[in-house]
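Engineer: Pasting the sequence and the predicted model now:
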Protein chains: 2
Amino acid sequence: MGMTLTSRDTSPAASQSGPVVFVVDDDASVREALGALFRSIGLAVRLFGSALEFLQGKPGETPGCIVLDVRLPGVSGLDFQTQLSALGIHLPIIFMTGHGDIPMSVRAMKAGAIDFLAKPFREQDMLDAVAAAIECDGRRRRDLEAISNLRSHFASLTPREQEVLTHVTSGLMNKQIAAALGLSEITVKIHRGNLMRKMGARSLADLVRQAEALGVGTPLEMAR
Amino acid sequence: MGMTLTSRDTSPAASQSGPVVFVVDDDASVREALGALFRSIGLAVRLFGSALEFLQGKPGETPGCIVLDVRLPGVSGLDFQTQLSALGIHLPIIFMTGHGDIPMSVRAMKAGAIDFLAKPFREQDMLDAVAAAIECDGRRRRDLEAISNLRSHFASLTPREQEVLTHVTSGLMNKQIAAALGLSEITVKIHRGNLMRKMGARSLADLVRQAEALGVGTPLEMAR
DNA sequence: AATGAACCTAAACCAACGTATGATCATGCC
DNA sequence: GGCATGATCATACGTTGGTTTAGGTTCATT
């Protein structure tokens, strides 16, 4: 097969199709074999010969996972894992290697890899790992989107409203918040009503949970 | 930060001394060498020649970690890891092996092992792993104790109070709770006041956070 | 100059919350 | 029987929460 670069799949709707398996391996035959394997179960695939090539694409938005050879031209797969993390690309990684050792695999797993397969591996093991990785990425993305929504709601609050929110979710009464911020109680009530509406919180319990997810308004550990 | 608590493992007051390293290896010379190593930095050590021997002691209460050879008489170290988990013994495990392979190490790490060291390893690596494991166990125990306190508080509530708590932390008003439980509003107020006192919650925000930690009173995912 | 956004406040009002006080009833235990 | 506990309800009172209406300021943008 002369195809060396990205083999964009037939499906044109690359936006919201499904999870994609990014295969990064310098051995073209391995790439192609893996590509065929994943396509055989209906997964979209993109193939890359190096880390740089992979970065040239714009991953990170697309859901899926990375199948990564430890030995790459240029950087090592382990270092690449670190780079990706630093770049904010948190796609689950499945490592594979022909000449790996235990410390290598342990380092990869400690750094969050989903799996680490020594060549030769059974195809089923790879498929299982990819399935787990995609499942994991899906969960991560759902969680991320949930708190992203929360954050945008929080960002839509005025500074004052944000202050009031943190005080409210800390369990302070309107009177106390007013004193803390140098306001009258009625003003606090106004802000409070506004922020409840903007945050889409239908009860104080709602708001506290949202604040918990956002990491705001929990000043001290609860007593006892 | 080595807490230089005396290695008086002789004393029967094993209650609140410090973290203990449980070494499980069938090779007596390895056991002794590890024992000496850990004692040299002020850690308490207990040595075992087999998994059974280890279980004969009463671990699980004592904070610390396990240093475990993969090859053991009887069960394999990996299987033993599973057994311990099933037994509710969640001490962090550091594996070591002279004849391990990558799948073995990956399985161990996936099952939650702190580290997996191939012999021969550097002493410093083992010490680092043990330090990390003890730190991890400390965190786990602190978290566990916190929610254990919460649970005992929750258990001290009467059935009715528990019901009311879940409804309150779901964001319902007293009136709605009363309707849901077939009570009058005043009765709900009574229960509510009592449970706030018993739970040691000084505000509704407090209570919601406690309920969150307990996993009660979060009926539906928040809208939007 | 005008507009709008964010901020602040007040008066008035109603709903919700919380805590007494006092009482009834059933259960289980000594 | 006597006792404690849990559960229930009522009346009453005071506090807290929340909205509406009706103002006011400052500041940046238009």
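Structural biologist: Great, that's in hand.
Engineer: CA only for contacts and neighbour counts going forward, please
Structural biologist: Noted.
Engineer: so where's chain A shaky on pLDDT?
Structural biologist: A:1-16, A:219-224 (pLDDT under 70).
Engineer: Now do the helices in it.
Structural biologist: A:28-40, A:51-56, A:77-86, A:102-110, A:123-155, A:159-169, A:174-181, A:185-199, A:204-214 (DSSP state H).
Engineer: Show me what the first one is packed against.
Structural biologist: Contact analysis of helix A:28-40 by 3 or more C-alpha pairs under 8 Å, 6 or more residues apart in numbering or on different chains; DSSP states H and E lists strand A:20-24, strand A:44-48 as its packing neighbours.
Engineer: Adding mean neighbour count as columns, could you present these in a markdown table?
Structural biologist: Below are these laid out as a markdown table (neighbours: other C-alpha atoms under 10 Å in any protein chain shown):
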| stretch | mean neighbour count |
| --- | --- |
| strand A:20-24 | 24 |
| strand A:44-48 | 23 |
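Engineer: out of those strands, which comes closest to DNA strand D?
Structural biologist: Proximity to DNA strand D (C-alpha to the nearest atom of the strand) singles out strand A:20-24 among the helices and strands packed on helix A:28-40, at 42.4 Å.
Engineer: can you list the residues that contact the closest one?
Structural biologist: A:31, A:34-35, A:38, A:43-51, A:54, A:62-69, A:130 (C-alpha atoms under 8 Å, 6 or more residues apart in numbering or on different chains).
Engineer: ok, back up a step: of the helices and strands packed on helix A:28-40, which approaches DNA strand C most closely?
Structural biologist: The nearest among the helices and strands packed on helix A:28-40, by C-alpha to the nearest atom of the strand, is strand A:20-24 at 40.0 Å.
Engineer: Just want the angle from that closest one to helix A:77-86.
Structural biologist: Angle between the axes of strand A:20-24 and helix A:77-86 is 140 degrees (criterion: axes from the mean of the first three to the mean of the last three C-alpha atoms, to 10 degrees).
Engineer: Run the chain-centre distance for strand A:20-24.
Structural biologist: The chain centre lies 16 Å from the centre of strand A:20-24; the measure is C-alpha atoms, centre = their mean, to the nearest Å.
Engineer: In chain A, which residue sits closest to DNA strand C?
Structural biologist: A:Leu183 (3.3 Å).
Engineer: circling back to that earlier point, just the buried members of the contacts of strand A:20-24?
Structural biologist: Those of the contacts of strand A:20-24 that meet the buried threshold are A:31, A:34-35, A:38, A:43-51, A:54, A:62-69, A:130, by 16 or more other C-alpha atoms under 10 Å in any protein chain shown.
Engineer: How about the closest residue to A:Arg46 other than its chain neighbours: which residues does it bridge to?
Structural biologist: Among residues not flanking A:Arg46 along the chain, A:Phe22 sits closest, at 5.0 Å (C-alpha to C-alpha, 6 or more residues apart in numbering or on different chains). With DSSP bridges applied, A:Phe22 shows beta-bridge pairing to A:Arg46, A:Ile66.
Engineer: how far away is A:Phe22 from chain B?
Structural biologist: 22 Å (C-alpha to the nearest C-alpha, to the nearest Å).
Engineer: do the same with A:Phe154
Structural biologist: In terms of C-alpha to the nearest C-alpha, A:Phe154 sits 13 Å off from chain B.
Engineer: check contacts around the residue located most distally from the centre of chain A.
Structural biologist: Distance from the C-alpha centroid of chain A peaks at A:Ser184, with 42.8 Å (C-alpha atoms, centre = their mean). By C-alpha under 8 Å, 6+ apart, the contact set of A:Ser184 is A:175, A:178.
Engineer: can you rerun that using 7 Å?
Structural biologist: Going by C-alpha atoms under 7 Å, 6 or more residues apart in numbering or on different chains, A:Ser184 touches A:Ala178.
Engineer: try A:Phe54
Structural biologist: A:Phe48.
Engineer: How about A:Arg192?
Structural biologist: Contacts of A:Arg192 (C-alpha under 7 Å, 6+ apart): A:161, A:164.
Engineer: Please tell me how far it sits from DNA strand D.
Structural biologist: Going from A:Arg192 to DNA strand D by C-alpha to the nearest atom of the strand, to the nearest Å gives 6 Å.
Engineer: now A:Ile41
Structural biologist: Distance from A:Ile41 to DNA strand D, by C-alpha to the nearest atom of the strand: 52 Å.
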